[in-house]
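Student: below: sequence and its predicted model.
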Amino acid sequence: MSDQNPVFIPGPTNIPERLLSAMHVQTRDHRAPDFVSTFAPVLEGTKKVFGSTNGKIITFPASGTGGWEASVTNTLSPGDTVLVARYGMFSHRWIDLCQRHGLDVQIIECAWGSGAPAEKFEAVLSADKDHKIKAVLVTHNETATGVRSDIAGVRKAMDAASHPAMLFVDCVSSLASMEFRFDGWGVDIAVSGSQKGFMLATGMAILCVSPKALDAMATATLPRTFFDFRDMMAANASGGFPYTPPLQLIYGMGESLKMLFEEGLENVYARHFRLAEGVRRAVQAWGLKLVAQSPELYSDTVSAIYVPEGFDSNALTEHAFDAYGVSFGIGLGEMNGKAFRIGHLGSLTDVMVLSGLATIEMAMADLDYPVQLGSGVTAAQEYFRSTHATAAKAAA
């Protein structure tokens with residue numbers, strides 16, 4: 001029966017029945033004339049979620065990591081310099097990816113729990129008088145630490161330095177859950193995936209690419225075949241794919257966009273904030289501490305929570321799964337054994353979140369954590385009750 005329980009990991013997320021049904025389709029011919037009527041609206045609708053009118057949507061059968069490889073290989077050349085801050089597991093992984101592609105990676109080391117250091121970016125870019133730095137890479141929502149960075153602030157810093165570098169943003173665990181303003185923030189490539197805010201199965205890397213980034217392809221010499229922007233755009237122009245597409249995910253994506261637009265993107269973002277705030281109230285009631293260092297950094301899609309000294313967060317998440325059949329996020333990288341994560345994004349409601357809080361409370365009580373059983377649930381209930389009328393009115 002445990003397969004009926006929702007997951008509370010920061011992705012892949014729970015898949016609504018409506019989307020399961022949309023993906024449950026028989027094999028169809030992706031070269032048939034009617035495929036364009038299915039695929040073209042998906043590309044156009046996705047633009048709205050990115051907050052763009054000028055960007056080009058490009059998808060690949062891959063996870064977000066494939067999207068990052070595509071962004072790098074299509075716009076950069078071996079030996080090019082990129083600027084990255086390391087403040088979590090996923091910013092670390094993008095650094096590793098760039099190094100493996102022979103790029104000169106200039107790294108700003110930051111404490112885990114902090115966000116993208118706009119002031120340090122500005123200082124480094126101002127000192128780069130020869131404009132050797134070709135791109136600044138930023139993780140919008142660091143899934144390992146529950147930190148949301150200020151992308152607008154990073155763009156402001158780049159502009160203050162009068163630097164022409166491109167801005168690449170990982171928004172895998174934020175897009176379709178928290179506001180993203182591709183055009184407004186001056187982003188050149190944003191990378192996301194199907195398995196988080198879009199509430200689908202893993203398997204589609206989703207990118208929004210600016211005209212400036214498309215122009216960079218003219219001089220980029222890193223090798224690419226499967227992830228070639230030109231091949232994909234040329235095929236998409238006639239409603240097709242350069243190879244076999246993830247057809248079920250495309251059908252699912254069309255339905256996911258309908259769900260998001262029916263709810264209204266502003267309501268989607270408000271719902272995520274509300275659910276996240278309920279979790280944060282619970283954490284406070286437990287007497288525990290978030291990894292994110294300050295409120296302006298708090299993510300609305302995932303909360304990373306330190307366990308008390310002397311406890312192992314991995315033992316907690318394992319016990320929650322073994323005893324109650326519910327998955328929570330483990331601690332990654334520097335957070336391994338020190339923190340667990342509660343994912344609160346995608347297809348979730350107040351009631352579902354309360355079930356997750358009750359479950360992790362039971363697991364903590366079983367392992368003799370200094371937590372009062374029911375304290376976090378009560379705090380979240382009080383918050384949800386006090387905001388229910390406003391949320392219901394917005395959704396009406």
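Tutor: Yes, it's here.

Student: hang on, N267 in a helix?
Tutor: Yes. Under DSSP: H, G, I helix; E, B strand; the rest coil, N267 falls within a helix.

Student: how many neighbouring residues does it have?
Tutor: N267: 15 surrounding residues under other C-beta atoms under 10 Å. C-beta: built from backbone N, CA, C; applies to glycine.

Student: buried residues in the helix or strand hosting M253?
Tutor: Taking DSSP states H and E as the definition, M253 sits inside helix 247-263. Neighbour-count burial for helix 247-263 flags 247-257, 259-260 (criterion: 16 or more other C-beta atoms under 10 Å).

Student: now stretch 334-352
Tutor: For stretch 334-352, burial by neighbour count (16+ other C-beta under 10 Å) applies to 334-335, 338-348, 350.

Student: pLDDT added to those, as TSV?
Tutor: As requested, the buried residues of stretch 334-352 are exported to TSV (pLDDT from 0 to 100):
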residue	pLDDT
E334	96
M335	97
K338	98
A339	98
F340	98
R341	98
I342	98
G343	98
H344	98
L345	98
G346	97
S347	97
L348	97
D350	97
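
Student: let's have the residues you listed in TSV, adding secondary structure and distance to T38.
Tutor: TSV is the format used below for the buried residues of stretch 334-352 (DSSP: H, G, I helix; E, B strand; the rest coil; distance: C-beta to C-beta, whole Å):
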residue	secondary structure	distance to T38
E334	helix	44
M335	helix	41
K338	coil	46
A339	strand	42
F340	strand	40
R341	strand	36
I342	strand	36
G343	strand	30
H344	coil	32
L345	coil	26
G346	coil	23
S347	coil	23
L348	coil	28
D350	helix	34
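
Student: select, from the residues you listed, the two members most distant in space.
Tutor: Using C-beta to C-beta, the two most remote members of the buried residues of stretch 334-352 are E334 and D350, lying 32.2 Å apart.

Student: doesn't V105 fall inside a helix?
Tutor: No. Secondary structure of V105 (three-state DSSP): strand, not part of a helix.

Student: beta partners for it?
Tutor: V82 (DSSP bridges).

Student: look up how far A62 lies from it.
Tutor: Applying C-beta to C-beta, to the nearest Å, the value for V105 to A62 is 22 Å.

Student: neighbour count: these two, which is higher?
Tutor: Shown here are V105 and A62; by other C-beta under 10 Å, A62 has more neighbours (21 against 18).

Student: list the contacts of the helix holding M253.
Tutor: Defining contact as C-beta atoms under 8 Å, 6 or more residues apart in numbering, one finds that helix 247-263 is touched by 16, 18-19, 22-25, 27-28, 30, 38-39, 41-42, 45-46, 48-49, 61, 176, 194, 198-201, 203-204, 268, 271, 395.

Student: and for stretch 17-32?
Tutor: Here stretch 17-32 has contacts from 35, 199-201, 240-241, 244-245, 247-249, 251-252, 254-256, 259, using C-beta under 8 Å, 6+ apart.

Student: buried residues in that stretch?
Tutor: Buried residues in stretch 17-32 (16+ other C-beta under 10 Å): 19, 22-23, 30.

Student: for the residues you listed, give me JSON lines that also has distance to S303 and pLDDT.
Tutor: As requested, the buried residues of stretch 17-32 are exported to JSON lines (distance: C-beta to C-beta, whole Å; pLDDT from 0 to 100):
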{"residue": "L19", "distance to S303": "25", "pLDDT": "98"}
{"residue": "A22", "distance to S303": "30", "pLDDT": "97"}
{"residue": "M23", "distance to S303": "29", "pLDDT": "96"}
{"residue": "H30", "distance to S303": "40", "pLDDT": "85"}
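
Student: so which of these is the closest to V147?
Tutor: Of all the buried residues of stretch 17-32, L19 has the smallest distance to V147: 28.2 Å, by C-beta to C-beta.

Student: compute the distance between the closest one and A220, please.
Tutor: In terms of C-beta to C-beta, L19 sits 36 Å off from A220.

Student: of the contacts of helix 247-263, just the buried ones, PyMOL syntax please.
Tutor: Of the contacts of helix 247-263, the buried ones go into a single PyMOL selection, burial set by 16+ other C-beta under 10 Å:
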select buried, resi 16+19+22+23+30+38+39+42+45+46+49+61+176+194+198+199+200+201+203+204+268+271
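
Student: among the contacts of helix 247-263, which lie within helices?
Tutor: Mapping those onto helices (DSSP state H) picks out 18-19, 22-23, 38-39, 41-42, 45-46, 48-49, 268, 271, 395.

Student: any idea which of these is the one closest to D300?
Tutor: Nearest to D300 among the ones in helices among the contacts of helix 247-263, with distances taken as C-beta to C-beta, is R271, at 9.2 Å.

Student: isn't the closest one up against T387?
Tutor: No. In this structure R271 lies outside contact range of T387 using C-beta atoms under 8 Å: 10.6 Å.
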